[in-house]
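Q: generate a structure from the sequence data that follows.
(one chain, ligands or ions: 1)
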Amino acid sequence: MAKILGIIGGGQLGMMIAEAAKNMPKYISKIIVIDPTKNCPAAQVGAEQIIADFKDEKAIIDLSEKSDIITYEIESGDSDVLKSVEKNAEINPSPDTLKIIQDKYLQKIFLSENKIPVPDFIEIEEIEQVKEGLKKFGFPALLKARRDAYDGRGNFKIDSENEIQKAFDYFKGQKLLLEKFVPFKMEVSVIASRNTKGEIKTYPLVENIHEENILRQTIAPARVSQEVTEKAETIANKTMQVLKGAGVFGIEMFVTQENDIMINEIAPRVHNSGHHTLQSSETSQFEQHLRAILGLELGGTALIHPTIMYNILGSKSFNGKYVPITIPESDGYLKMYGKEISKPARKLGHVNIVSQKNETIDDLLKKVELIKDKVTTQPIH
Ligand code: AMP
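A: A predicted model of the protein is given here:
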């Protein structure tokens with residue numbers, strides 16, 4: 001019988017999961033999301049909404065009583081509360097997997113114990129440990145919040161001795177870790193999936209270009225050698241084998257100067273670097289996630305068309321309503337997330353520029369340059 005799907009978070013990821021769910025009426029009859037913003041993106045595509053904070057215990061209990069199966073679009077959910085409602089609804093990825101992943105320190109311990117390469121790191125409780133760590137790692141190094149950090153917001157790069165105090169104070173008593181700086185050649189990621197029966201499938205390696213710590217562009221496939229691709233995909237597969245969670249995971253990695261691979265971090269959810277799959281691949285990451293958590297056979301992950309995904313981010317210059325963005329179809333597949341207000345660097349939409357008639361990545365990069373101005377947000381006066 002078709003199931004009721006609960007999603008914690010109704011932003012763009014919840015929205016695109018909901019859209020995929022609507023195409024699977026045989027398996028999913030209804031979608032309910034928890035999100036604090038009235039008429040959140042997922043609600044705009046037909047999900048019922050419980051207006052509450054993602055961590056609101058009462059709302060999570062309510063969702064679990066109304067749903068057969070629960071998933072999430074954000075990793076900052078309260079894993080203990082989720083664990084306590086497992087009797088009401090099946091939760092995937094499991095709260096135990098979430099608990100490890102949502103804490104960057106526990107995640108890195110877990111990966112190192114499983115012999116999966118990560119940058120050197122240490123746990124930080126006192127400022128003295130930062131000083132000790134810097135003696136070992138050298139400058140620069142990154143002080144990171146263990147939890148609730150995304151889009152680089154929880155990182156402080158320490159370049160010299162006299163920044164140590166400032167960096168430590170920046171986090172105001174949060175739990176921290178210190179990480180060795182990796183002078184990477186490239187940032188890459190693998191979208192990986194594992195269904196409840198243990199079947200694993202990974203998508204081809206993609207290249208990610210960040211601006212001020214926020215993903216700006218994903219190039220599928222990554223412009224690396226076959227050897228690097230294989231290394232990264234092997235590490236992604238190994239990670240999925242040990243992780244045991246069901247669902248789609250975004251595995252972010254660094255390619256080092258020596259062409260080695262290190263995991264930067266894992267997101268236990270569909271991932272921005274997988275948005276290209278909506279048009280480029282046999283199965284979108286959103287459908288794949290649903291297939292994984294429903295225990296269906298996973299879909300094919302082949303990249304059929306090379307594609308560049310370009311994120312539409314709110315302009316730095318203003319907060320507020322913005323002029324609607326449109327582009328001709330020939331420029332690419334535009335997906336706006338229905339957010340009313342633009343804020344600096346807020347993710348408002350994306351464009352997938354898909355190769356046609358054997359266009360190369362270089363051709364697609366030129367096309368990206370041509371649309372940048374058209375998708376820049378302008379205030380409504
Ligand atoms: P994070 O939020 O931890 O994924 O970090 C955001 C961005 O900071 C990453 O995408 C990298 O560009 C950069 N970064 C994170 N950790 C390191 C590291 N150990 N060495 C160099 N750059 C890093």
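Q: outside of the helix or strand harbouring K83, which residues touch it?
A: In this structure, K83 is located in helix 79-84 according to DSSP states H and E. With contact meaning CB atoms under 8 Å, 6 or more residues apart in numbering, helix 79-84 is reached by 55, 57, 60-61, 70, 91, 95-96, 98-99, 102. Where C-beta positions appear, they are placed from N, C-alpha and C, glycine not excepted.
Q: same thing but at 10 Å, please
A: The set of residues external to helix 79-84 that reach it, using CB atoms under 10 Å, 6 or more residues apart in numbering, is 8, 55-61, 64, 70, 72, 78, 89, 91, 94-103.
Q: given the next helix or strand after it, what are its sheet partners and their directions?
A: Proceeding C-terminally, helix 79-84 gives way to strand 90-91 as the next helix or strand, assigned by DSSP H and E. Strand pairing for strand 90-91, determined by DSSP bridges: strand 69-72 (parallel).
Q: quick check: mean pLDDT of the partner strand?
A: Per-residue confidence for strand 69-72 averages out to 98 on the pLDDT scale.
Q: chain center to that strand, what's the gap?
A: Relative to its parent chain, strand 69-72 has a centroid offset of 16 Å by CA atoms, centre = their mean, to the nearest Å.
Q: tell me which element A43 falls in.
A: With DSSP H and E as criterion, A43 is part of helix 41-44.
Q: same deal with N352?
A: In this structure, N352 sits in strand 347-354 according to DSSP H and E.
Q: correct me if wrong: V368 contacts I219.
A: Yes: because the distance of 9.5 Å satisfies CB atoms under 10 Å, V368 is recorded as touching I219.
Q: touching both of these two, which residues are there?
A: In contact with both V368 and I219: 308-309, using CB under 10 Å, 6+ apart.
Q: more neighbours: which of the two?
A: Under the neighbour definition other CB atoms under 10 Å, V368 and I219 were set side by side, and I219 has more, 22 against 19.
Q: contacts only, for that one.
A: Applying CB under 10 Å, 6+ apart, we find I219 in contact with 186, 188, 206-209, 273, 276, 306-309, 361, 364-365, 368.
Q: could you check the pLDDT of it?
A: The predicted structure lists I219 with a pLDDT of 98.
Q: helix or strand: which one has it?
A: Secondary structure from DSSP H and E places I219 in strand 214-220.
Q: pull up the pairing partners for that strand, direction included.
A: Partners of strand 214-220 in the sheet, by DSSP bridges, are strand 206-211 (antiparallel), strand 307-313 (antiparallel).
Q: could you export those strands as a markdown table, including mean pLDDT?
A: Written out in a markdown table, the entries for the strands paired with strand 214-220 read as follows (pLDDT from 0 to 100):
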| stretch | mean pLDDT |
| --- | --- |
| strand 206-211 | 97 |
| strand 307-313 | 98 |
